[in-house]
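# coords please:
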Amino acid sequence: MASTQLQNYLRSNRKRLGLSQDEVAFLLGTQSGAKVCRYERFAREPSLATALAFQAICQKPVSKLFAGLHQKVNQNVAARAKVLAYRTHYQKRTRENIRKLQTLTSIAANPKSI
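Residues are numbered from 1 along each chain as shown. Below you'll find the model as predicted:
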């Protein structure tokens, strides 16, 4: 059974680095630590630019900083890949569709590697 991850590990990484929420907010280019607090409490998902800024600040990959969200997204993509693979399986066998089916089957079979 897969372990459930926290949605993000921003707070623990911020603490590890010895930074306050206000200091992280400054590095992110925002006005106050309140926004950082909302990210840490899972009340708000950051934009891609903000997630990449957290990656630069914490020096950890986005997929590790937002491990729970990453896990949930991978599972959702894998489930949709299964549906699309099923639909593709019954289409005309062309090189393109065979390649597509192989890709979708691979995504559906191993959601952790996405």
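
# helices or strands up against the helix or strand harbouring Asp22?
Using DSSP states H and E, Asp22 sits in helix 21-28. If contacts are counted by 3 or more Cβ pairs under 8 Å, 6 or more residues apart in numbering; DSSP states H and E, helix 21-28 sits against helix 33-40, helix 48-58. Where C-beta positions appear, they are placed from N, C-alpha and C, glycine not excepted.

# Gln71 contacts Leu6, correct?
No. Gln71 is not in contact with Leu6 according to Cβ atoms under 8 Å; the separation is 9.9 Å.

# these two - which one has more neighbours?
The neighbour comparison of Gln71 against Leu6 (other Cβ atoms under 10 Å) goes to Gln71, with 20 against 14.

# distance check, that one against Leu104.
Using Cβ to Cβ, to the nearest Å, Gln71 is found at 20 Å from Leu104.

# name the nearest residue to the residue positioned nearest the centre of the chain, ignoring sequence neighbours.
For the chain, the residue nearest the mean C-alpha position is His70 (3.0 Å; Cα atoms, centre = their mean). Of all residues not flanking His70 in the chain, Ser63 sits nearest, at 4.6 Å (Cβ to Cβ, 6 or more residues apart in numbering).

# ok, then the element right after the one helix or strand the one you found maps to?
In the assignment (DSSP H and E), Ser63 maps to helix 62-65. Using DSSP H and E, the helix or strand that follows helix 62-65 in sequence is helix 67-89.

# which strands and helices lie in contact with that following helix?
With contacts taken as 3+ Cβ pairs under 8 Å, 6+ apart, helix 67-89 sits against helix 95-109.

# alpha carbons only: can I get the helix it packs on in PDB?
Only the C-alpha atoms of helix 95-109 are listed here, as PDB (Å, rounded to 0.1, in the frame of the first residue of the first chain):
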ATOM      1  CA  ARG A  95       1.900   3.000 -36.100                       C
ATOM      2  CA  GLU A  96       0.900   6.200 -34.300                       C
ATOM      3  CA  ASN A  97      -1.900   4.500 -32.300                       C
ATOM      4  CA  ILE A  98       0.400   1.600 -31.400                       C
ATOM      5  CA  ARG A  99       3.000   4.100 -30.100                       C
ATOM      6  CA  LYS A 100       0.300   6.000 -28.300                       C
ATOM      7  CA  LEU A 101      -1.000   2.900 -26.600                       C
ATOM      8  CA  GLN A 102       2.500   1.900 -25.500                       C
ATOM      9  CA  THR A 103       3.000   5.400 -23.900                       C
ATOM     10  CA  LEU A 104      -0.400   5.300 -22.200                       C
ATOM     11  CA  THR A 105       0.100   1.800 -20.900                       C
ATOM     12  CA  SER A 106       3.500   2.800 -19.500                       C
ATOM     13  CA  ILE A 107       2.000   5.900 -17.700                       C
ATOM     14  CA  ALA A 108      -0.900   3.900 -16.400                       C
ATOM     15  CA  ALA A 109       1.300   1.000 -15.100                       C
END
